[in-house]
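> here's a sequence, model it:
(one chain, ligands or ions: 1)
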Amino acid sequence: MAEIQILGVSKAYGGVPALDDVSLTLKDGSFTSIFGPPGSGKSVLLRLLLGLETVDAGQILIDGVDVTRALPSERNLGMVFQNLALFPQLTAYENIAFPLRRRNTDQAEIDKRIDGLTGVLNIGHILSKKPAALSGGERQRVAIGRALVRDAGAYLMDEPIAALDARLRDDMRLELKRLQSELGKTFIYVTHDCDEAMAVADQLAILNEGRFEQVGRPEDVYGDPATLAVAELVGAPRISVLPAIGDSDGMKFALGRLAGEKAKGECLMALRPEAVRLTPGGKGPCSAPVTDIERLGAFAIVTAGRDGAQVRAITDGDSPLQLGAEVEITVDPGGMLLFDPATGVRHA
Ligand SMILES: Nc1ncnc2c1ncn2[C@@H]1O[C@H](COP(=O)(O)OP(=O)(O)OP(=O)(O)O)[C@@H](O)[C@H]1O
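Sure thing, here's the model as predicted:
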């Protein structure tokens, strides 16, 4: 088990920063998701942690020991890659045993380690099969088993379930979370799927353009985003952003502008879809036509707006709202998040 500290780490390619002075602590036994859009620096950070590349500046400590210049083999980190990289000619058992065989671990110890994993990974019945005879989810479990069989200090996962279909991904992320809490190991999980990042982690780190925008518990990052970038990156359906004035009349001005008024936007107002109510028959300054309805079974995502300003709301799946109908838009008190349009920083 291990605590990992990333201290002021920077890395640039051809003078262009990929990571710019990032710091993050991964507590022993914690499950941290690193989430960010494509190109934000997630893979670079993993490569630096693993020691596959060297930092330009900063330090990486594992259990207080400076490993910034240490070889990958000296860091004792396990890794699950997105492409799994299973050996096709080896059975699931031998794939999992591979890292131990390379270290000349004796057979009794290999059996014992794999035995300890078969229950948590539910792979007992597939150990004698080769990868071609396994389903996508089973192959995934074998790849995770191969990483976990080593007694590593921490386990790094790069989009480990991205290649699976949606249903299997949902199952696997629950399994990963259960696995991590049963094993009590330090997990670092990199993904560009925000739902996944939030579902598995107890610490969510939002990476954007090579910097951590916010680090915290997933529910805090969602409910209390520090910047507009975080508010827009985290949460599905996406948050709606409108021009507004930053006082108690903010709502009226934002939607007044929707209705064609010329309000000067002093700030940007972001509204989570669950905070927005759409009522049929709107006529006031806070009314707009429904422009889109996505019915997803138990709930629907309804968009209303005009003049390019749109508000998304979550309604019941059988909502009577119709495309083109005027609706009155109201927002739950406390459901408005206000941001400085120049800096993107949240207003107090
Ligand atoms: N070896 C390299 N040479 C040059 N530029 C690189 C190299 N590796 C990464 N970069 C650049 O660093 C930035 C961060 O890349 P990185 O692969 O970490 O992004 P990412 O967040 O993992 O993206 P994705 O979600 O698409 O995998 C990108 O602008 C990328 O082009």
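
> which stretches of the stretch 101-250 of the chain form strands?
154-158, 186-191, 203-208, 211-216, 240-244 (DSSP state E, counting those that start in this stretch).

> quick check, the residue in the stretch 101-250 of the chain closest to the ligand?
Scanning the stretch 101-250 of the chain for the residue nearest the ligand gives His192, at 4.4 Å (criterion: Cβ to the nearest ligand atom). In this view, the C-beta of every residue, glycine as well, is placed from N, C-alpha and C.

> can you check the pLDDT for that residue?
What the model reports for His192 is a pLDDT of 85.

> and for the one 4 residues further on?
Reading off the per-residue confidence, Glu196 sits at a pLDDT of 89.

> now it, nearest residue through space, not along the chain?
In this structure, Glu196 finds its nearest non-sequential neighbour in Arg173, 5.5 Å apart by Cβ to Cβ, 6 or more residues apart in numbering.

> what does the stretch 151-300 of the chain put close to the ligand?
When proximity is defined by Cβ under 6 Å from any ligand atom, the stretch 151-300 of the chain lies next to the ligand at His192.

> can you show me the helices along the stretch 151-300 of the chain?
Along the stretch 151-300 of the chain, counting by DSSP state H, counting those that start in this stretch, helices occupy 166-183, 194-200, 218-223, 228-233, 250-258.

> now do the longest one: everything it contacts.
The list of residues contacting helix 166-183 from outside it, by Cβ atoms under 8 Å, 6 or more residues apart in numbering, reads 31, 120-122, 136-137, 140-141, 144, 148, 157, 160-162, 164, 187, 189, 193, 196, 199-200.

> ditto for stretch 201-215
By Cβ under 8 Å, 6+ apart, the residues outside stretch 201-215 that reach it are 17-24, 26-27, 30-37, 40-42, 45, 189, 197-198, 216-218, 221, 225-227, 229-230, 233-234.

> ok, back up a step: who wins for proximity to Leu268 among the helices of the stretch 151-300 of the chain?
helix 228-233 (6.2 Å; Cβ to Cβ).

> what helices or strands is that closest one leaning on?
Using 3 or more Cβ pairs under 8 Å, 6 or more residues apart in numbering; DSSP states H and E, the elements in contact with helix 228-233 are strand 203-208, strand 211-216, strand 240-244, strand 267-271, strand 336-339.

> can you give me the domain boundaries for the chain?
Listed domain ranges for the chain are 4-227, 240-339 (source: automatic domain parsing).

> average model confidence for the last one?
Confidence over domain 240-339, taken as the mean pLDDT, stands at 80.

> ok, stretch 147-166 next?
In this model, stretch 147-166 has a mean pLDDT of 83.

> go through it and flag the buried ones.
Buried residues in stretch 147-166, defined by neighbour count with 16 or more other Cβ atoms under 10 Å: 147-150, 152-161, 164.

> and what of stretch 16-33?
Within stretch 16-33, the residues scored as buried using 16+ other Cβ under 10 Å are Pro17, Ala18, Leu19, Asp20, Val22, Leu24, Leu26, Gly29, Ser30, Phe31, Thr32, Ser33.

> beta partners of the fifth one?
Beta-bridge partners for Val22, by DSSP bridges, are Val9.

> next one: the one 4 residues further on
Using DSSP bridges, the beta-bridge partners of Leu26 come out as Ile4.

> for it, give me its contacts.
Leu26 sits next to Glu3, Ile4, Gln5, Ile6, Thr32, Ala154, Thr186, Ile188, Gln203 when contact means Cβ under 8 Å, 6+ apart.

> ok, Val80 touching Glu159?
No. The criterion here is Cβ atoms under 8 Å, and Val80 misses it with Glu159 at 9.4 Å.

> the residue nearest to Ala304 when sequence neighbours are not counted and Ile329, how far apart?
Counting by Cβ to Cβ, 6+ apart, Ala288 is the residue found nearest to Ala304 once chain neighbours are left out, at 4.6 Å. According to Cβ to Cβ, to the nearest Å, Ala288 stands 6 Å off from Ile329.

> what do you get for Leu164?
Leu164 sits 38 Å away from Ile329, going by Cβ to Cβ.

> and Ser73, by the same measure?
Ser73 is 59 Å from Ile329, by Cβ to Cβ.

> next: Thr25.
To Ile329, Thr25 is 42 Å away according to Cβ to Cβ.

> now do Leu207
33 Å.

> and Gly281, what does it touch?
Glu326, Val327, Glu328.

> looking at those, which one is closest to the ligand?
Nearest to the ligand out of these is Val327 (Cβ to the nearest ligand atom; 36.8 Å).

> chain neighbours aside, what residue packs nearest to that closest one?
Val327 sits nearest to Leu278 (Cβ to Cβ, 6+ apart), 4.2 Å away.
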